[in-house]
Structure formats: structure tokens, C-alpha cells
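Participant: sharing a model that was predicted from the sequence below.
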Amino acid sequence: MSVISATSVAYSPKRFKRQRRKQAFREFLTRFRNDRLAVAGLVVLLAFTVMALIAPWISPKGGLSAVESIDNPLWAKPSGDYPLGTDHLGRSVAAQFVWGSRVSLFVGLAATVLTVAIGSLVGISAGFLGKWTDAILMRFTDWFLVIPFLPLAIVLAAVLDRSVWNIVLVIGVTSWPGTARLIRAQVLTVKQRLYVDRARALGASRSHVIRRHILPNVAPLILANVTLAVPISILTETTLSFLGLGDPNKVSWGKTLEEAYNAGAITREAWWYYLPAGLGIVAVVLAFTLFGRALEEILDPRLREQGR
Amino acid sequence: MRARFVGSKVAGSLATLLFVLVVNFFLFRVVSDDPTAKLFRGRNLSPEQIQRKRQQFNLDGSKTEQFFAYLTQTLKGNLGDSFLSNRPVTTEIREALWPTIMLVGVSTILSMLIGIVFGIYAGWRRRSAFDVGSTTFSMFTYSVPDFWLGMILLAFLSVKLGWFPTGGFEDAGSTKSGLAALLDQLHHMFLPALTLTLAYIGEYMIVMRSSLLDTINEDYLQLARAKGLRDADVRRHHAVPNALLPVISLSALNFGYILSGAIAVEAIYSWPGIGQATIEAIRGPDFPMLQATFLLLSVSVIVANLLVDLLYGYLDPRVDGR
């Protein structure tokens, strides 16, 4: 924290605030740049995001259709024509990899947004309102924490129709409790700060305190939590798809692995069929974890001091 | 331990169990618009048979009546018949129970022991090559879907090198008995157990490591060092016993993870346990079976949590409020 120079006193409050934010952001950038692993993670993420976005231009969608691949060789090894070979139906594995990244990334992000939204809502309500609201919400959260999360996701997904949105819903509904607890704890500490008492004494309403004091102080934690929750969402999507609970009409990395396994790619030693999707998952999850950990370390002062 | 502490923990577990039952009830009988279809689909029943089934499962009363009927049926152990085999679900579950206990038991014990030992050495010599190496290892295993790890081990150690069978519980048509049968089963279990162990060593390692790092600056360790104890003695008798507490309290959570991981890993190795049964139930779909496996997995995790809570209360008397 650098000392704010005396000249800044002359600024209007708004300009002062903007100045302070700019400074905090610059400080954040310097810290982030020093963490090489986090920068590497960010680069990998950007590369995969670009690939997912330009999928229609680099890989025609026809490559995914078994009908349009009918003349292709089956189980072909990687070659100039098929950079990652073909599968048991003659479809290009490379096309599945490129298009699969779309669903995996989309579900990972969308499910995380839902998870963190539910978690933040529960966490902030419990922490800020306290008393019986807190007691009831935390009881509920504890129940969800104890129930094994994957089996719950499996029964939910099995009862609902198979679609990408339902997978997002299932992951969101089952994985919020950890976030809720974390955020509740942070709200409880912020709530006891002097500036909150001061705002209250000056007659601030509940919503004002939440918007202007609680939220800004909890936001960095929520952000770090988002980046750390994405890997879990992606891994869950992969597992659910592998178990046959994914959208039957959309390619995802998990679905590629399911099809590879069921088609006997392992006994045929068709490594080009099941390695790329798995490596893609590992790369994205690892990248998000590295990035998220760096973010958390920078944004959470308690971790910064420990210097682990 | 005080009776009140035990009582409150048991009551908490029972409340969680009740919650699981409510979830089950909601998912299979309220969310689905036509419970008969969910509960008896794929069995071409005649209208009379459907009528009889509806009566048997009390599907015509109000939702409250239905819930209490469901509750008593479940507590009596009547979970319905499997769609796929037509046999009572409880019979199916009982047959799948032992393989999963074996697999998850061995994997839990191994990953816990190895994880704790790795965590101790990593935390005690922070930033050493071992620490960096094992932390990186656990980051990787965290990022790898466990069933994909299983696929790779299967492709390499079984298909390519032929060291292990590709799946199953024992050799097909095996007539072995006694020790020979057990060895055969262990041979089949090696790869699934290796997969789960590798996948979950990291969870224990990270917790043990950071818990040890938390204690490393405590006064009692300074004192032990000041007394001139050997480094290994300080570690073994003063640092580790205290640092183990968080690991114990997280082990119930990890048990839930391993149990969940076993579902997909059992599928990879056609290991005939609860996971395999779950997959078959998903493919069916065989809803009574799915309900039962979910109930069983939840109950085991709830019981594991209760045991860990009680053990913690015993080991750390501060938590039971004395």
C-alpha cells in the first residue's frame, strides 16, 4: 500500500476514488506479472478461448457428422488429412476436439456463474441478516455439503432431460455450498468493521450498506472463487458426460471420452482418440487453477501475508 | 466425551439423512410429472398392473401421505424392484457392496497414508525439491479426471504391457477358492485401486502440508527445539500429532470424493460394485436402482462424517465444549 500523496486531497471524491482504483489495479498487474505460472495459465486459457470462438472457421461442422464422414477411413492414425486421426465412425478427432472445447468451456463458465450466484446470495443473506435466517441457511448449506456431490448431480441429471442447460443447472444447484460458506465468513468479518457501524449510525439503509460496503469488500473474494470454481465445473461436466448424462446432440470433451471408451479405443490402442480430449481438460483445468490461485493470493490479504 | 456432544452429532446426522430422503422423494416422485413412468418405465405393464403398483407405492394419496408412505417403505428396506433384473433393488445392492468396499477401502487407506507421509515431508522441508515436486504432482492429479487416468493406466499397463487383466472382479469362470481366489481378485483390483489412490493422494498431501505449516511457528515447537531434541523427534512427537487433526476432520469429505470417483473408475474397469450398478442404472434408466445407489452413497458419507466428528471430539476435547 503506498501512501496517498498530499496533492490528492484537492481531488473531488469521485476523482479520488478513480485514482485509487487505478492505483490498485496497477499494483495488481505488477503482482500478477511476477507470477510466471499464473501468466502461463492465462495464456493457455486465452488460446483455448480463441480456439473455441473461431471453431466454425477452422473446422467445418460437417466433420462431426457420421453421415458426412461416411467415406472417411475408420480408426485412421493421425496424418496430414486428419491431424488427430479418425474415430470408429470415420469422424475427424481434431474436429471433435475443437468443437468439444466449446461445450466444455461454456458449461464450465455458465455453471460457475450459477454456482457463485447462488453461493453469494446465500452467503451474503446468511452473513448479513444473521439470526434465524443465518441458522436456517447454514443448516441447509451443511446438508448440501455432507451429501456427496457427484451422486447428487448424477440423480438430478438422470431425472432431467439431457441437455447442455440442464447440465449447467445440475452443477450450479449441487456445488454452491462451499462458496456460500466462504462468502458468509467474509461478510461476517466485513460487517464488524468500524465503517459499517459508522454508515449505520449515519442512518444508512440495509441495502446501502450491502451495496456500498459489503459487496465491494466481498467482490474480490467472489472473483477469485469464480476462477477456482471453473475447474470443478469443467471436471464435473466431463464426468457427467462420460457417464452418459450429457447432451446427446453436442460434442464435448467428456462425451468424446465416453464414445472412445465405448467404441473400444483402448483395446484397439487408438491413443489419438482418447488422449487429446483428456489433455485438453487437464490443460484448461490446470490453467484455471494456476490463474485462480494467483488471483486469490493477490486479492486475499490474509494469503498474501503468509506468502505461501 | 459428553453425551450431549454425541447426541447433537447423531441428531445432526439423522437430520441430514432425512434431508436426503426428502431430496430422493422430490426428485423421483414430485419433479417428474408422471412418477409411474419414472418408477416403472420399460416394463410394459398392463393397466391393472400399473394400478396395483400405484397402490403398492401409494402414488394416489396426497403428497404428504405419499411422503410418509415412502418414508416407512424405505425404512423397512423396501426400495422397489430393479427395472433391468426385476429383482428387489436391495438384493442387487447387496451383491455390489463388497467389491466397492474392497476397492474404496484399500484406495482410501493407501491414499491417506501416502498423502500424509508426503505432506509431512513436503511441509517440514518447505521449498525443497521434494516439496516442489509433490506439490506439482498434486496439482496435476487434481486436474486429471480420474476415469481418464484410469483409461491411460488401462491402455498402458494392461493392453500394451499385459501385466494386468482389462477388467472384471476375477477371471471369467474362475473356480479358484481361498487364497488363490483372493490373489486373483487383488490382481484385478490393482489398476482401479492404483487409479483412485494416485488421484486422491494429492488431497491428503495438500491438507497435511498446510496444516503442518500452520503449526511450524508454534511456541511448543520452539520449546522442543530449544530443549535440544533431534529434528526428527520434534517432527514426529510434537509437530505431526497436532497437525494431523485437520487431516482427520477433512477425511470424511475426502472419503466422499473417493466414493464418487469410484463410480466412473469402476465403469472403466468393469468392477462389479456400486459404481458399475449406478452406471447401468443411468443407462437403463433404472430409477429404483438409481435412487437406491444414491441413498446408499449418501448414507455412507453421512456415517463417515459422524464417525469423524466423534473421533475429532475424542482427540480434541476442546470441541465438545468441556
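Facilitator: Good, I have the coordinates.
Participant: show me the helices in the chain, by range?
Facilitator: Chain wasn't specified; assuming chain A. Here chain A has its helices, by DSSP state H, at A:13-34, A:36-53, A:55-58, A:93-129, A:131-146, A:149-159, A:164-175, A:177-191, A:194-201, A:206-209, A:215-242, A:253-262, A:271-299, A:301-306.
Participant: that's the other chain; I wanted chain B
Facilitator: B:3-25, B:35-40, B:47-56, B:63-75, B:89-124, B:129-143, B:146-153, B:178-215, B:219-226, B:231-233, B:240-268, B:274-283, B:287-315.
Participant: distance to chain A, mean neighbour count and mean pLDDT added to these, as CSV?
Facilitator: For the C-beta atoms, the positions are set from N, CA and C on the backbone; glycine is no exception. CSV is the format used below for the helices of chain B (distance: least, Cβ to the nearest Cβ, whole Å; neighbours: other Cβ atoms under 10 Å in any protein chain shown; pLDDT from 0 to 100):
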stretch, distance to chain A, mean neighbour count, mean pLDDT
helix B:3-25, 4, 16, 87
helix B:35-40, 7, 18, 59
helix B:47-56, 19, 12, 70
helix B:63-75, 15, 14, 80
helix B:89-124, 10, 20, 89
helix B:129-143, 4, 16, 87
helix B:146-153, 4, 24, 90
helix B:178-215, 7, 20, 86
helix B:219-226, 17, 13, 84
helix B:231-233, 22, 11, 82
helix B:240-268, 4, 22, 86
helix B:274-283, 6, 24, 88
helix B:287-315, 4, 21, 88
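Participant: tabulate those (JSON lines), appending distance to A:Ile298.
Facilitator: Converted to JSON lines, those look like this (distance: least, Cβ to Cβ, whole Å):
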{"stretch": "helix B:3-25", "distance to A:Ile298": "37"}
{"stretch": "helix B:35-40", "distance to A:Ile298": "48"}
{"stretch": "helix B:47-56", "distance to A:Ile298": "59"}
{"stretch": "helix B:63-75", "distance to A:Ile298": "49"}
{"stretch": "helix B:89-124", "distance to A:Ile298": "23"}
{"stretch": "helix B:129-143", "distance to A:Ile298": "18"}
{"stretch": "helix B:146-153", "distance to A:Ile298": "31"}
{"stretch": "helix B:178-215", "distance to A:Ile298": "19"}
{"stretch": "helix B:219-226", "distance to A:Ile298": "30"}
{"stretch": "helix B:231-233", "distance to A:Ile298": "34"}
{"stretch": "helix B:240-268", "distance to A:Ile298": "25"}
{"stretch": "helix B:274-283", "distance to A:Ile298": "40"}
{"stretch": "helix B:287-315", "distance to A:Ile298": "33"}
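Participant: hang on, the earlier thing: using a markdown table, please lay out the helices of chain A together with distance to A:Pro73 and mean pLDDT.
Facilitator: A markdown table is the format used below for the helices of chain A (distance: least, Cβ to Cβ, whole Å; pLDDT from 0 to 100):
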| stretch | distance to A:Pro73 | mean pLDDT |
| --- | --- | --- |
| helix A:13-34 | 47 | 82 |
| helix A:36-53 | 25 | 88 |
| helix A:55-58 | 22 | 80 |
| helix A:93-129 | 12 | 89 |
| helix A:131-146 | 49 | 88 |
| helix A:149-159 | 35 | 88 |
| helix A:164-175 | 31 | 90 |
| helix A:177-191 | 47 | 87 |
| helix A:194-201 | 68 | 84 |
| helix A:206-209 | 64 | 83 |
| helix A:215-242 | 26 | 87 |
| helix A:253-262 | 17 | 88 |
| helix A:271-299 | 13 | 87 |
| helix A:301-306 | 53 | 56 |
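Participant: buried sites along stretch A:231-251?
Facilitator: A:231-247, A:250-251 (16 or more other Cβ atoms under 10 Å in any protein chain shown).
Participant: for chain B, what's its nearest residue on chain A.
Facilitator: Nearest residue of chain A to chain B: A:Leu150, at 3.6 Å (Cβ to the nearest Cβ).
Participant: what about that residue, how many neighbours?
Facilitator: 23 (other Cβ atoms under 10 Å in any protein chain shown).
Participant: which one is it nearest to, not counting chain neighbours?
Facilitator: Spatial nearest neighbour of A:Leu150, chain neighbours left out: B:Ser260 (3.6 Å); criterion: Cβ to Cβ, 6 or more residues apart in numbering or on different chains.
Participant: for the one you found, what are its contacts?
Facilitator: A:148-151, B:297 (Cβ atoms under 8 Å, 6 or more residues apart in numbering or on different chains).
Participant: rerun at 10 Å
Facilitator: A:148-154, A:236, A:239, B:146, B:275, B:297, B:301 (Cβ atoms under 10 Å, 6 or more residues apart in numbering or on different chains).
Participant: of the buried residues of stretch A:231-251, which are in range of chain B?
Facilitator: Residues of these in contact with chain B (Cβ under 10 Å from any Cβ of the partner chain): A:231-232, A:234-236, A:238-240, A:242-245.
Participant: now the two most distant members of those.
Facilitator: Greatest spatial distance among these (Cβ to Cβ): A:Pro231 and A:Gly244, at 22.4 Å.
Participant: tell me if I'm right that A:Ala287 and A:Leu105 touch.
Facilitator: No. Assessed by Cβ atoms under 10 Å, A:Ala287 is found out of contact with A:Leu105, at 11.2 Å.
Participant: any common contacting residues for those two?
Facilitator: In contact with both A:Ala287 and A:Leu105: A:45, A:48, A:230, using Cβ under 10 Å, 6+ apart.
Participant: which among those end up buried?
Facilitator: The buried subset of the shared contacts of A:Ala287 and A:Leu105 - by 16+ other Cβ under 10 Å - is A:45, A:48, A:230.
Participant: give the contact list for A:Leu245.
Facilitator: A:153-154, A:156-158, A:160, A:162, A:166-167, A:170, A:237, A:239, A:254-255, A:258, B:282.
Participant: quick one: which of these is nearest A:Ala117?
Facilitator: For these, the nearest to A:Ala117 is A:Val170 (15.0 Å; Cβ to Cβ).
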